[in-house]
Structure formats: structure tokens, C-alpha cells
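*Asks:* mind looking at a prediction? Sequence and model below.
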Amino acid sequence: MRRRRSTLVIFFPLFSLLFFLLFLLYLFVPFRFKHSSQSDSLPSSIREALSLQPIPEDPGVSAILEAADISSSNKEFRHDAFKERPILTAYLEVANGTSNTILKPLPTRSTTEDQLITQMFPKVQRCSGLFETLPVDAYPETDPFLPWIHDVFPSTDGKYIHLVAQNRRRCGTGLGLEERMNFWEPQMSLFQPVPVVKEVSGKLRLASSFQEATTNETRFLCNFHSLYDDNIYQTMSEFSFNYEYVSWRKGKDSMFQREGKDNTQFWLSQLLFKCPIPERLQSLVQSGKHVENDLAQLFLDVTPIRTPARYKTHLFTAEHIGSKLLAVSQLFDPKSEFGHKHYLPEVKDSGRWANIPICQPPRPKKKHRLVLCTWTASAYTRRGDVVGVSDTEARVREWVLFHQMVGFDHVYLYDNTAPGLPSSLQAIADEFPDFVDYYRWPCAICNNNRPSHKNPGERSSQYAAEASCRERHGSTTDWMAFIDTDEYLVPMAHDTWEPILEEFDQKGLHILKMRSSRAKPRAEYMDTMKNQTLCVDPVPNVRKPPGTPQDCLEPSKNNSFLKTYNCEYIRPPRPDRFERAMKQIYRPDFVQSHFVHYSTVTKDISKYYKDQGPGEAYTQKVHQKKWQDGSPEIFLDEINEGLLVHTRSVLPHESQYREQGCQIGSKWGCSLGYVCSDSTPFVDEKHQDNTFIDGEGNYCNCWKNSKVEDIYAPKLERVLEIHMNAKSMK
């Protein structure tokens, strides 16, 4: 009896252990089977991109499969089978712990997740409507460190996410706005790179020197996540060039001023940076298969690294500017400013943009030679928000046809028609399906004042559109230009631009510049406006010439705008003062940032001291004449190479006092063009005095371009007629 009891005592625990192991096996086998079937049900493209196997060994892949709930019989990829769709969210740090009064070393921020203010943007869903739904006009104005993002897209090779932001501080500067400028000063820090250390533990801190940094020049943490798994992949942002270094080379002791107008450093309007895509996700992003039914399955969180903006000091090393200049420069010392223990807070405790959808990369059908970008609207107001213009529809069609005729092989049209208003521009773009790419770009200009205003203008929407076009499409073309739809780039040596581009390619020139002045509409091509009640002067109290106003005129519908405005008020070759409003054709592989009229940052300007070639002299100030003389750019010969024709609309009310202004010796301006003969000399000092007369003694005030008159205008009108006839046949 005792022996039997002892046997039970021995075997009972063994039976219990065996039963427990069988129970675990029962639980484990279905779990593995379930995950294997889920893996098989994912699309092969997703499985390949993420290296999925039917029975995954990688723990990251296990997480991907756990996020799915798809039966083995379902062969289609189902969005609703994955976790809930993330919503674009701004997490805002209102009290960010930084100010113009800086403690040294900079204290570690103590903001926590529960202190953040959240603002959600549920309309940001479909990739096809991204430009229309991004919260550009609903940008949260409580956190000045948050980048004001206008565009976000992957590079065509799937290696980077490019972000185009604007400098919100520039929307209001000048006397009396110092408090606002102070609040938005952190926007300037976003242009300034900082060194960061990633410790073995994974913690991030500001580096006390470049030598200890694991990343020398960054400003944002980039976190990638998806609907496929719960993994988060972190990279650090990169700049294509160092904004702080560029400002220094342009002779600026600081990137901003704390008083007065502060918008002269044009290159600090557009904030361009990129987030490296984790290698594991690159092939998936390049393929575009991460977007299903127009919905992104990959997302990006962008977290700014918050430090006070450097003012009149620079974070440079000898590699940037050389040891001699380093010794005499006002330097920012990261050791004393940041210390050794300034750890960055966790992303969840930081202000940031979260859940930015990653859409498809641009898909060029071919490599282009010469492309054109424009920002326009079906109706708009000029600077000052007083004078409205509504002739865009007719202009765009003619403008596209002309540039197609002279050798441009693609156009990118950014339509800035206000939200909620109908636009005819997409229909016009659709008339050129293989030639024009159309983008609905409704975001508003933040400040449309004139440059001379005490709070000077910042046409943020236009500047961002130009940056978007260059960033998206610059890598797939040799040359590009950004102009308005009332501007015509006219080749003079040949009938197309290609021979000129070929010539300057061989000469190693990268920027072709053209001076700009406004042409006048020729009086002979103007008709009396049928409905005179529509002729309203938007500024009726401005001093007018004495006498009775005449009926308003408008351009005849029988002539092209190019022909009507073929009357140059300033006869080419134009004087140097018209360089200020120049336009350019440039190589985007050389120009790293462009601002309407100017190539503000080029590879020559952004090149560090350490990257200078053997025997190459290093110059700090790139505006010195000696340096500029060696720059690969040129003003075109307007007679023999090419020029810009600016056909800025003269509105009907501006023609009311033509009898008073358009006569010899009048002190009033003449808005219409009266053609001078070629034999009439142009005298720049007298062009405002209304003293020019033609060979018969008649008043005149402008000169026509013979090549436009005899070749381009007739050819354009024939092309336009053919196009409209073909359109009517559809």
C-alpha cells in the first residue's frame, strides 16, 4: 500500500506536466497555422517587398501578420482587414521650453504626451486629392516649431520622402510686428542643422561636437509606420544643402533679423528637406504598390528637433569654411550650448506631424529635355488684392500651344483657383493629355501685399508651387523654367530652344537669364468693350487726368495675346535695371533652390571648403564680382539668342483716359501701345516723357519684335485654329 502511494506521488507530477505541455501544443499549433494562412493571403507584391514567408521567422514579419485578419480563402488584399486607418494629426507643444533667452547648457524638455494639444485632419485620405486636403490653410498657429508643409512625395527611386514647406515667419514682418516675429522665430531654427548622437541604448541626444555625432546635419526625426505591421522605422532628415552655410556665403551675419522687414533672404522662404526611406521599404515605395485604391498604406511622422534659432553665430567646422575663416568667425559652440546630456524626448511626448500619407512617386513617361512650370488661377487678384484679372482661360491655351511650338516638351500646371470655386483650367489641361500635367493647388497666399508695403508680401502658395515642381520633376528633365501664363520665352536665333540649349550645354553654362519689362497692347488690336457696365475702376479715388473718360477697350478676340502685346515699351536690348524681374531657364541638377526670378542656391554656392577641387580658390562671399564672373550663367543676347515677352494684362478701366495720356508731351501715362518704326531710336532717359515720334511725326511709345510679328504670331494663330477645330470635332 505504501509502495502504491509512493508510485502515485512520483507519477502524478509527470502526468500533470505532460497534460500541460499537450495543452500548450494545442494552443500553439493553430496560432502558427493561422499566421501562415494570413501570410499567404497578402498580395505577392506586398509579401515580396516586406520579405514575407508563409511561416515567418522574423519578429517584424510576425507583427505584420498579427495585424492582418484574412482567411486563407480570401485572395484579395482588404484594407478593412488591417488596423484602423490613421488620421493626419498635429500634436502641438504650446509651451515648448525654448525662448530667445537661452540657458546654457540647454535644459532637456519635460513635455509629456498628456500635455500635447491634438488637431486632427480627417479629410486627408486619398492620394489623388492630397494637394486639396493638406491643411495648408488650416495650419495650426499655436506651435511655431511645426513645419508648414505644402507638399510631400516619394522620390522616383523610392529612397526618400521629399517635403516642401514654407517659412511661416515671413508671412508677417516689419515695423510693429516684432511680437509676431518673435513668436515665429522657431521657424528659422528649422533651417539650421544640428548634430545628434544615437547612443547604444537607442536614446538620442544633441551632440556636443561633430566628432561625437552619429548624424552631423539633421533637424527632424522621421518615423515610418504602416497598416501592414506595428513596427516603427526611424530615420533622420537630411538637407540637400546647408541653409546656414548658404546665408553665410551670401554675406549675411544672421539668417534673420528681429526688427523691421525681414524677407530679403529669398532662399529662406522655401524649407526643403527629405526623410530617408528605410531600406526594407524602398522597393515597395518605388513600385507604388503601397497605395491601394488611392489610399496610402504607409505613413510618416515628422518630429522637429527643438532648439532656439541661432542668431549671429554659425555652427561650422574647418570642413565647412576652412581653418583661416573659422578662426575669425562667430561660432556656435555645441558643447557649451547643448552640453553632454540634452536627451531628446520620446516621439510620443513631442510636438509633431503624425500619419502623413505616403503616396506614389512621380511617374514620368520619359526623360524630358525642357519643361515649363506655372502657377495660375482661373481668376486672381494682383499684388495688393485690389485689381482682379479673369482672362486666364484663353491665355493658358494659347500659352501652352506657343511653348509647345518652340520646343518645350512638357508643362506642369498648378491651379490656384480658390477652394469651392469652379475652374476651367483642368478642362484646358485635358486638351493636352500627353503634354500638360495638372495639379489642383488651392492653398492661399499668406500675404499679398506689395514689396514696398510696411509688411511686405509673401506669396507663399506661388513659392511652394515652384519648389514642388522643381523637387518633383527636376530629376527627370535637363532644363526647366517657371514663368507666368502672360510670359512667353521666345527663341531668337532659331525657331526652337533646342539649338540654344545644345550650344550652352557644350559651353558648360547652367542658367540662362532673360531681362523683363512689360509690353503694351497695341491700340490697333483693341475693341470697344460691349458691356461698359462691367468696366469698373477698383480704385476710383485715385487722381485721374482732367477731361472726360472714354469707353473702355479690351483686346480683340481675332488676334492672339502674343500679337496684341507685341509692342515693347523698353526696346531690346533692355538696360541692366530690368535684370531685377528676370526669368530663367536653368538646369535643375545644378540649381538646388529657385525663387521666381532667381537661382538662389546652386551647387557652386552650397559647396563646402573641403569639397573644393585641386587648385580651386575658395571665396566666402559669392556676390563678389570676381566669383560671379566665373559662375556658369549668362544673360541671353535678346537680339540673337532669346528673350522674354511679358504680356501683362491691361484691364479695360486702364484704357479710359487714353486720349489724355497717349499724346506727345503728355504728363499722364499711356496704357496702350502705339508702334514706333524701326528707325525711331530708343532713348532710355526719355521713355517716360512721351516724346517718341515715328517717321511720319506721329506719337509712338513701343517697338514690335519683327520675328514675333512675321513668324511666331502667324504660326501660333494657325496652330491655335487647328487646335480649336480639332477640339470642336470631338
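*Replies:* Structure received.

*Asks:* can you show me the helices along the stretch 401-550 of the chain?
*Replies:* 425-430, 460-473, 498-507 (DSSP state H, counting those that start in this stretch).

*Asks:* try the stretch 101-250 of the chain
*Replies:* Using DSSP H, counting those that start in this stretch, helices in the stretch 101-250 of the chain cover 130-133, 178-183, 186-189, 243-249.

*Asks:* would you list those in JSON lines and tack on distance to residue 150, mean neighbour count and mean pLDDT?
*Replies:* For the C-beta atoms, the positions are set from N, CA and C on the backbone; glycine is no exception. JSON lines is the format used below for those (distance: least, C-beta to C-beta, whole Å; neighbours: other C-beta atoms under 10 Å; pLDDT from 0 to 100):
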{"stretch": "helix 130-133", "distance to residue 150": "8", "mean neighbour count": "18", "mean pLDDT": "96"}
{"stretch": "helix 178-183", "distance to residue 150": "21", "mean neighbour count": "14", "mean pLDDT": "96"}
{"stretch": "helix 186-189", "distance to residue 150": "14", "mean neighbour count": "24", "mean pLDDT": "98"}
{"stretch": "helix 243-249", "distance to residue 150": "17", "mean neighbour count": "23", "mean pLDDT": "97"}
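
*Asks:* output those helices in CSV; the columns should cover distance to residue 403.
*Replies:* Below are the helices of the stretch 101-250 of the chain laid out as CSV (distance: least, C-beta to C-beta, whole Å):
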stretch, distance to residue 403
helix 130-133, 23
helix 178-183, 40
helix 186-189, 36
helix 243-249, 31
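
*Asks:* any idea which of these gets closest to residue 421?
*Replies:* Of all the helices of the stretch 101-250 of the chain, it is helix 130-133 that lies closest to residue 421, at 12.4 Å by C-beta to C-beta.

*Asks:* who's in contact with that closest one?
*Replies:* Contacts with helix 130-133, where a contact means C-beta atoms under 8 Å, 6 or more residues apart in numbering, come from 121, 123-126, 151-152, 357, 359, 419, 439-443.

*Asks:* centre of the chain to it, how far?
*Replies:* Its chain's C-alpha centre and that of helix 130-133 lie 14 Å apart, by C-alpha atoms, centre = their mean, to the nearest Å.

*Asks:* got the contact list for residue 356?
*Replies:* Per C-beta under 8 Å, 6+ apart, neighbours of residue 356: 88, 149, 152, 299, 300, 301, 302.

*Asks:* any idea whether it is helix, strand or coil?
*Replies:* Of the three states, residue 356 takes strand according to DSSP: H, G, I helix; E, B strand; the rest coil.

*Asks:* how close does it sit to residue 297?
*Replies:* 13 Å (C-beta to C-beta, to the nearest Å).

*Asks:* please report phi then psi for the residue lying closest to residue 647 once chain neighbours are set aside.
*Replies:* Of all residues not flanking residue 647 in the chain, residue 565 sits nearest, at 3.6 Å (C-beta to C-beta, 6 or more residues apart in numbering). Note on residue 565: backbone dihedrals following degrees, to the nearest 10 are phi -100, psi 20.

*Asks:* make a markdown table out of the helices of the stretch 401-550 of the chain and add distance to residue 413, mean pLDDT and mean neighbour count.
*Replies:* Formatted as a markdown table, the helices of the stretch 401-550 of the chain follow (distance: least, C-beta to C-beta, whole Å; pLDDT from 0 to 100; neighbours: other C-beta atoms under 10 Å):
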| stretch | distance to residue 413 | mean pLDDT | mean neighbour count |
| --- | --- | --- | --- |
| helix 425-430 | 5 | 95 | 17 |
| helix 460-473 | 10 | 97 | 24 |
| helix 498-507 | 22 | 98 | 14 |
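
*Asks:* which residues touch residue 462?
*Replies:* 375, 416, 445, 596.

*Asks:* hmm, try it at 6 Å
*Replies:* Residue 462 makes contact with residue 375, according to C-beta atoms under 6 Å, 6 or more residues apart in numbering.

*Asks:* repeat that for residue 371.
*Replies:* By C-beta under 6 Å, 6+ apart, the contact list for residue 371 reads 410, 477, 480.

*Asks:* out of the helices of the stretch 101-250 of the chain, nearest to residue 665?
*Replies:* helix 178-183 (48.0 Å).

*Asks:* tell me where the stretch 451-600 of the chain has strands.
*Replies:* Taking DSSP state E, counting those that start in this stretch as the test, the strands found in the stretch 451-600 of the chain are 477-482, 487-491, 511-514, 526-528, 553-555, 583-586, 591-595, 598-602.

*Asks:* can you add mean pLDDT, distance to residue 371 and mean neighbour count and give those strands back as TSV?
*Replies:* Output for the strands of the stretch 451-600 of the chain, formatted as TSV (pLDDT from 0 to 100; distance: least, C-beta to C-beta, whole Å; neighbours: other C-beta atoms under 10 Å):
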stretch	mean pLDDT	distance to residue 371	mean neighbour count
strand 477-482	98	5	22
strand 487-491	98	12	21
strand 511-514	98	14	22
strand 526-528	97	34	15
strand 553-555	95	28	22
strand 583-586	98	10	24
strand 591-595	98	13	23
strand 598-602	97	16	22
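
*Asks:* before we move on, back to that, nearest to residue 522 among the helices of the stretch 401-550 of the chain would be which one?
*Replies:* Of the helices of the stretch 401-550 of the chain, nearest to residue 522 by C-beta to C-beta is helix 425-430, at 25.6 Å.

*Asks:* let me see the mean pLDDT of stretch 718-730.
*Replies:* Averaged over stretch 718-730, pLDDT sits at 94.

*Asks:* numbering from 45 from now on, please.
*Replies:* New numbering, starting at 45: the last item is stretch 762-774.

*Asks:* contact partners of that stretch?
*Replies:* 445, 449.

*Asks:* switch the cut-off to 8 Å
*Replies:* 441, 442, 445, 449, 475, 604.

*Asks:* buried residues in it, which are they?
*Replies:* Of all the residues in stretch 762-774, those buried under the rule 16 or more other C-beta atoms under 10 Å are 763, 764, 767.

*Asks:* the helix or strand of the chain with the lowest mean pLDDT: what's the following helix or strand?
*Replies:* Ranked by mean pLDDT, DSSP states H and E, the weakest helix or strand in the chain is helix 103-111, scoring a mean of 36. Heading C-terminal from helix 103-111, the first helix or strand you meet, by DSSP states H and E, is strand 132-136.

*Asks:* quick one: strands adjacent to that next one?
*Replies:* strand 161-165 (antiparallel), strand 396-401 (antiparallel) (DSSP bridges).

*Asks:* distance to residue 187 added to those strands, as CSV?
*Replies:* Shown next, in CSV, are those (distance: least, C-beta to C-beta, whole Å):
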stretch, distance to residue 187
strand 161-165, 8
strand 396-401, 9
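
*Asks:* hey, which of those is tucked in deepest?
*Replies:* Highest mean neighbour count among the strands paired with strand 132-136 (mean count of other C-beta atoms under 10 Å): strand 396-401, with a mean of 22.

*Asks:* hang on, the earlier thing: among the contacts of helix 174-177, name the ones in strands.
*Replies:* 165, 195, 196, 401, 483, 484 (DSSP state E).

*Asks:* among the residues you listed, give me the pair with the biggest separation.
*Replies:* Among these, 165 and 483 lie farthest apart (C-beta to C-beta), at 19.5 Å.

*Asks:* can you give me the neighbour number for the residue nearest to residue 697 when sequence neighbours are not counted?
*Replies:* In space, residue 697 comes closest to residue 581 once its chain neighbours are excluded; the distance is 4.4 Å by C-beta to C-beta, 6+ apart. Counted with other C-beta atoms under 10 Å, residues neighbouring residue 581 total 16.

*Asks:* my guess is residue 581 contacts residue 695. True?
*Replies:* No - the criterion here is C-beta atoms under 8 Å, and residue 581 misses it with residue 695 at 9.2 Å.
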